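Undergrad: Give me the fold of what follows.
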Amino acid sequence: MNRTFRPSAFTPRWAVAILAAASACTNSGSNLGPEPSPSKIVEVGVYLDRDGSRTLTPLDTVFAKARVALLIRGSVDTFKIALTSAGGLAKFNDVPLGQYTLTIDPKSVGDSIQVQAVDSADIRVTAADSVIFSVARLGYPEVSVRQVRNLPAGRRVFVRGIILAGVQSFRDTTSHLNDSTGALRLTRVALRGGLNGNNPGDSVSVLGVISSRAGQPTLDLATISRFGTRPAPIALAVATGTAANASNGILDAALVRITGALISDTVTVAPDFKVTVSDGTGSLEILLDGNLPFPRTAFKPGRSMNAAGVLVPNGVGGWVFKPRDLGDVTLN
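TA: Numbering: from 1, shown residues only. You can find the predicted model right below:
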């Protein structure tokens, strides 16, 4: 018998054995007459989109024990039900010719995971088919930065955005990103794909748990997947007094720039170095991370400086300003 197989990114995992079996099939029984009740096979591969790319990648995993239903098209009548195997494959044997709809029971994939898409959810089984193959993508809810700031703690979500500060800049394994709705600090960061660091301008998807630190929302246990790079983000120009309260919290985690700030004091807070500055609008504490080799003796009271950095809450109602690298600071 001739066998057709819908091309799929799942071929390396599921389809090799099926295709090999198909190559051994022949028409050697065709002269026995037509089948009295033609029936075919429907297979559904289910995977968890762990990197948020919306396509199958090596970072994703197959999903076992998802409850897949085959419905009669145009009705709510369930024709067959199958659970995905340990390899993420649900198989329906002896499917008569006709039109069907594939669905996945949301309860079978857990409270925090959603059914994102089913490729070819509506299928038509014809006499020309031997195996009809479909792919279902599961994923965590994708939300904006603004939504993270308003959702309850403990939810696991995806956030897409642009990196403002790389994890290698700070010793506390934090990174910062923003999207069109605001900025957010990522805590306890890990990088997918063998990356050693991430850079401002990276276009990323981040999987993490909504949490808080020092009184402000964060995305904790943040796992970052990079999909591309863009020009480095531009820092927002603010006065030191505005930076010190993050514009009443609106600019928490944001990338900002100060200009003409006069140094009034310095102190070592091992392993970091704290510099107090003001442009006349209010004092601002600048924290030079111990992870970065700033020439600390150059920061003398009376000198002025321009700097870019991210705003981090201090836990007592204010914010500190953290440059990301040596290039962020210019001493005048």
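Undergrad: Hmm, V95 is touching V125, no?
TA: Yes: in this structure V95 lies within contact range of V125 using Cβ atoms under 8 Å: 5.5 Å. Every residue, glycine included, has its C-beta placed from N, CA and C.
Undergrad: what's the overlap in contacts for those two?
TA: Residues touching both V95 and V125 (Cβ atoms under 8 Å, 6 or more residues apart in numbering): K40, V42.
Undergrad: Quick check, pLDDT for N27.
TA: N27 is assigned 42 on the pLDDT scale.
Undergrad: ok, now the one 4 residues further on?
TA: Listed pLDDT for N31 reads 40.
Undergrad: Equivalent analysis for T55, please.
TA: For T55, the model assigns a pLDDT of 87.
Undergrad: same check, this time on D220
TA: 98.
Undergrad: Bridged to it, which residues?
TA: Beta-bridge partners for D220, by DSSP bridges, are V209.
Undergrad: Point out where the stretch 1-150 of the chain drops to low pLDDT.
TA: For the stretch 1-150 of the chain, the stretches flagged by pLDDT under 70 are 1-37.
Undergrad: Would you mind splitting the protein into its domains for me?
TA: Annotated domains of the chain cover 11-139, 143-229, 236-331 [automatic domain parsing].
Undergrad: can you give me the helices for the protein?
TA: Using DSSP state H, the helices of the chain run over 16-23, 145-148, 240-244.
Undergrad: what's the first-to-last distance across stretch 96-108?
TA: Distance across stretch 96-108, first residue to last, is 26 Å (Cα to Cα, to the nearest Å).
Undergrad: Give the buried residues for it.
TA: Neighbour counts over stretch 96-108 (16 or more other Cβ atoms under 10 Å) mark Y100, T101, L102, T103, I104, S108 as buried.
Undergrad: Which residues outside that stretch are in contact with it?
TA: Contacts with stretch 96-108, where a contact means Cβ under 8 Å, 6+ apart, come from 37-40, 42, 44, 46, 65-74, 79, 83, 114-115, 118, 120-127, 134, 136, 138.
Undergrad: ok, of those, which come out buried?
TA: If you count burial by 16+ other Cβ under 10 Å, the buried members of the contacts of stretch 96-108 come out as 40, 42, 44, 46, 66-71, 79, 114-115, 118, 123, 125, 134, 136, 138.
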